[in-house]
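Trainee: The following comprises the amino acid sequence and a computationally predicted model.
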Amino acid sequence: MTQAKEGITIEQRLDELVNQAHSACGENGMMSGECATAWDAVEEVQAEIAHRRSDVKSTLNVYCDENPDAAECRIYDV
């Protein structure tokens with residue numbers, strides 16, 4: 001993945017990469033290697049964002065980790 005610039009969020013970096021991909025495709029054509037490479041970079045950052053979001057625990061998960069016997073945290077076998 002491309003190294004992120006200092007002081008910007010990953011979402012801002014994604015926006016930059018999308019703009020770069022549009023430019024690369026406009027200048028070099030939709031079937032060019034430059035276009036494909038630019039969109040690959042976008043996909044990598046999108047995957048990282050999705051990965052980071054999946055690592056975030058919900059408030060309920062945090063609560064259940066701290067209170068496993070609470071009624072809200074019970075897991076039933078079906």
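Mentor: Here it is on my side, so go on. Residues are numbered from 1 along each chain as shown.

Trainee: Find the nearest non-adjacent residue to the residue nearest the centre of the chain, please.
Mentor: For the chain, residue 49 is the residue whose C-alpha lies nearest the centre (Cα atoms, centre = their mean; 1.4 Å). Excluding its sequence neighbours, the residue lying closest to residue 49 (Cβ to Cβ, 6 or more residues apart in numbering) is residue 10, at 5.9 Å. C-beta: built from backbone N, CA, C; applies to glycine.

Trainee: residues in contact with the one you found?
Mentor: Taking Cβ atoms under 8 Å, 6 or more residues apart in numbering as the criterion, residue 10 is in contact with 4, 45, 48, 49, 52.

Trainee: For ChimeraX, what selects the buried ones among those residues?
Mentor: Here is the ChimeraX command that selects the buried residues among the contacts of residue 10 (16 or more other Cβ atoms under 10 Å):
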select :45
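
Trainee: Save the contacts of residue 10 as CSV, and put in distance to residue 27, pLDDT and secondary structure too.
Mentor: What follows is the contacts of residue 10, written out as CSV (distance: Cβ to Cβ, whole Å; pLDDT from 0 to 100; DSSP: H, G, I helix; E, B strand; the rest coil):
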residue, distance to residue 27, pLDDT, secondary structure
4, 24, 50, coil
45, 21, 95, helix
48, 26, 92, helix
49, 26, 90, helix
52, 31, 85, helix
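
Trainee: Closest one of the contacts of residue 10 to residue 15?
Mentor: Distances from residue 15 to the contacts of residue 10, taken as Cβ to Cβ, are shortest for residue 45 (9.7 Å).

Trainee: Cool, thanks, signing off.
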